[in-house]
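S.K.: Dropping a prediction and its sequence here:
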Amino acid sequence: MVHNLGEIIPRDAAPDAIWLTEVAADDSARDIPLGEFHAAADAVARGLAARGLVRGQAVGILAGNSAEYLLAYFGIMRAGLVAVPINYKLPKATVDHIIKDANVQLVLADGDWRHLIQDRPIIQIDLAEEWRDLADPGAFTPLEMKVEEHATILYTSGSTGLPKGVPLTHGGYVWACELMRDSLPPMGRKRVLVAAPLYHMNGLILSAMTAMTGGAIVLMQQFSPIGYLETAAAHRCHVLTSVPTMIAMAVREAETIQRLDLSSVERVIMGSAPLSEALFDRAVEIFPGAAISNSWGTTESSPVAFGPHPNGLAIPKLSIGYPGGHTELELRDGPDGNQGVLWVRNMAVMPGYLNRPEETEKCLHDGWYDTGDIMRRDEGGFFFFVGRADDMFVCGGENVYPAEVERLLEQHMDVAQATVIAFPDDIKQHIPVAFVVAKPNSSADVTDIKQFTLANGPAYQHPRFIGLLDELPLAGTNKIDRRALFERARSEFSR
């Protein structure tokens, strides 16, 4: 039985099987076999212990995607320490907040981000000499951790204030990972493309699950739409993983798609943000032999609440799946029992936000976690994401969910992507404002798009202003940067 999250990747697999292929920005690649992975992660654990760090202390990782990042991540946990991934796109003051909040003792960083650290020792993991100095080669037995001990602290995006620390426990996430492993089809030696940043749950959990289930990780150091497609084709990837905005950017590259052989792709997994019907259909066109899935999870409660139907019924388009019997679910504060805010309770639910008792009290009660996600359950028992409770705004007395308006906009023949934000209004309280990206070679017209929303949705939902952009701005997690769009709306729409 595994008692340490750093030990979830089996040691009895063939040591020469490829654990990870790291793809650099210049398309060069290096393969790392499983035997080397285990030896290197053990060496990190030994090296950290030799530096005097003791069980339960926190070690930060401030770096871009790399093999060393994952080796450090698993080595930290094997040593009984707490891994704290940090978003290097955050301002220095916010990075400093995270380091102090988690009481980070040591930071493993890339050279580009050393300047963000103050008052803490640093090991530069993209400098070969310092990486070698960290490692202490030799046999290592991972510490046996208690179920309630922290394995990792992930920080929320901080879109409404300073980021909040979310502790993931060894017991909760070993349980969640083993549950996902047992419910997934065997990976064999399937190659799984991971391009999301490793400081985010999406990239971390998919990397861990790929190796845990026998697959080989193909890790992009840096995401770009064309690079993503070229990597998928060059490395004959079987599974593509991403945040929907990344796929949305990639599927616009029609010329690249036409020249590549993407026939190896068997599955496309999107999660961590809403998925539109238009994007789903476009993915089906580009990857006709692949199963397209819409996954759901939160940092605070893991991605295990939903899965396949126990009787093998097909999951409807855009559904996040059928409730698993291992997680308690309730829809609260809705118009009826089949719509409302989703509350969940399972072994992986966080014990509470780090050092934030008031925030914890708002969303955690008797083990139940208020996800803030409004869901709808259909007659077959499948769940669908409707919108965020904290994104919902009132326009002239009517509730507006941005995700619903975005789905409507993306049904227009010329719209590839859409994002809707609430904008203050003296009369209506708030009004919908939209930013859209046109499909390649289309003649998108803002007036026509606005008329389309009026003709196909309720009048109160239609965007009063629509901005046409070449691309939507991304935040550090590769989700849409709504704060940047709000500032743009204020400067353009308020004239």
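M.R.: In hand now; what should we look at?
S.K.: SS state for residue 171?
M.R.: Of the three states, residue 171 takes helix under DSSP: H, G, I helix; E, B strand; the rest coil.
S.K.: Could you tell me which residues make contact with it?
M.R.: Taking C-beta atoms under 8 Å, 6 or more residues apart in numbering as the contact definition, residue 171 lies against 145-149, 347. Bear in mind the C-beta positions are built from the backbone N, C-alpha and C, glycine included.
S.K.: So which residue is smack in the middle of this protein?
M.R.: Centroid check for the chain by C-alpha atoms, centre = their mean gives residue 202 as the closest residue, at 2.9 Å.
S.K.: where in the chain is pLDDT low?
M.R.: Applying pLDDT under 70 to the chain flags residues 158-161, 185-186, 272, 274, 426, 476-478, 494-495.
S.K.: which of the contacts of residue 171 has the most neighbours?
M.R.: For these, neighbours were counted using other C-beta atoms under 10 Å, and residue 145 has the most, 24 neighbours in all.
S.K.: separation between it and residue 168?
M.R.: Residue 145 sits 12 Å away from residue 168, taking C-beta to C-beta, to the nearest Å as the criterion.
S.K.: Spit out the residues that contact those two alike.
M.R.: Common contact partners of residue 145 and residue 168 (C-beta under 8 Å, 6+ apart): 5, 151.
S.K.: show me where the stretch 351-495 of the chain has helices.
M.R.: Remark: helices assigned in the stretch 351-495 of the chain by DSSP state H, counting those that start in this stretch are 357-363, 402-409, 446-456, 482-493.
S.K.: Hmm, residue 384 is touching residue 403, no?
M.R.: No - taking C-beta atoms under 8 Å as the definition, residue 384 is not a contact partner of residue 403, at 10.4 Å.
S.K.: quick one: which of the two has more around it?
M.R.: The neighbour count for residue 384 versus residue 403, taken as other C-beta under 10 Å, is higher for residue 403 (21 against 18).
S.K.: Surely the more buried one is in contact with residue 385?
M.R.: Yes - the pair residue 403 and residue 385 qualifies as a contact (C-beta under 8 Å) at a distance of 6.9 Å.
S.K.: ok, what's across the strand from the residue nearest to residue 401 when sequence neighbours are not counted?
M.R.: In space, not counting the residues next to it along the chain, residue 401 is nearest to residue 387; the distance is 3.2 Å by C-beta to C-beta, 6 or more residues apart in numbering. On the basis of DSSP bridges, residue 387 is bridged to residue 374.
S.K.: okay, stretch 88-100 in CSV with CA atoms only?
M.R.: Included here for stretch 88-100 are C-alpha records, laid out as CSV according to Å, rounded to 0.1, in the frame of the first residue of the first chain:
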residue,chain,number,x,y,z
TYR,A,88,6.5,32.3,-12.2
LYS,A,89,4.2,34.8,-14.0
LEU,A,90,3.1,36.3,-10.7
PRO,A,91,4.5,39.6,-9.6
LYS,A,92,7.3,39.5,-7.1
ALA,A,93,5.1,40.7,-4.2
THR,A,94,2.7,37.8,-4.8
VAL,A,95,5.5,35.3,-5.0
ASP,A,96,6.8,36.7,-1.7
HIS,A,97,3.3,36.3,-0.2
ILE,A,98,3.2,32.6,-1.2
ILE,A,99,6.7,31.8,0.1
LYS,A,100,5.9,33.4,3.5
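S.K.: Next, the residues that contact it from outside, please.
M.R.: Applying C-beta under 8 Å, 6+ apart, the contact partners of stretch 88-100 are 60, 62-64, 84, 86, 104, 107, 110, 112-113, 115-118, 120, 155, 158, 162-163, 165, 199, 475-476.
S.K.: which of these are buried?
M.R.: 60, 62-64, 84, 86, 104, 107, 110, 113, 116-117, 155, 158, 163, 165, 199, 475 (16 or more other C-beta atoms under 10 Å).
S.K.: which phi and psi does residue 61 have?
M.R.: Reported as degrees, to the nearest 10, the phi and psi values for residue 61 are phi -130, psi 120.
S.K.: pretty sure it is in contact with residue 72, am I right?
M.R.: Yes - at 5.7 Å, residue 61 counts as touching residue 72 under the criterion of C-beta under 8 Å.
S.K.: Residues in contact with both of the two, list them for me.
M.R.: Common neighbours of residue 61 and residue 72, counting by C-beta under 8 Å, 6+ apart, are 83, 108.
S.K.: tell me what the helix ranked longest in the chain is packed against?
M.R.: Residue-count comparison of every helix in the chain, with assignments taken from DSSP state H, identifies helix 34-50 as the longest. Taking 3 or more C-beta pairs under 8 Å, 6 or more residues apart in numbering; DSSP states H and E as contact, the helices and strands that helix 34-50 lies on are strand 18-23, helix 67-78, helix 128-134.
S.K.: at 10 Å what do you get?
M.R.: Identification of packing neighbours for helix 34-50 by 3 or more C-beta pairs under 10 Å, 6 or more residues apart in numbering; DSSP states H and E yields strand 18-23, helix 67-78, strand 104-109, helix 128-134.
S.K.: Alpha carbons of the last one, in CSV - could you do that?
M.R.: It refers to helix 128-134. Output in CSV follows, covering the C-alpha atoms of helix 128-134 (Å, rounded to 0.1, in the frame of the first residue of the first chain):
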residue,chain,number,x,y,z
ALA,A,128,23.6,21.5,-14.5
GLU,A,129,26.1,22.2,-11.8
GLU,A,130,23.6,23.2,-9.1
TRP,A,131,21.3,20.4,-10.1
ARG,A,132,24.1,17.9,-9.6
ASP,A,133,25.0,19.5,-6.3
LEU,A,134,21.4,19.0,-5.1
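S.K.: now the angle from the following helix or strand past it to helix 67-78?
M.R.: Following helix 128-134 in sequence order, the next helix or strand is strand 150-155 (DSSP states H and E). Angle, strand 150-155 to helix 67-78, by axes from the mean of the first three to the mean of the last three C-alpha atoms, to 10 degrees: 130 degrees.
S.K.: and the angle for strand 150-155 with strand 104-109?
M.R.: Interaxial angle of strand 150-155 relative to strand 104-109 (the same axes, to 10 degrees): 70 degrees.
S.K.: how much distance is there from strand 150-155 to the middle of the chain?
M.R.: A distance of 15 Å separates the C-alpha centroid of strand 150-155 from that of its chain, computed with C-alpha atoms, centre = their mean, to the nearest Å.
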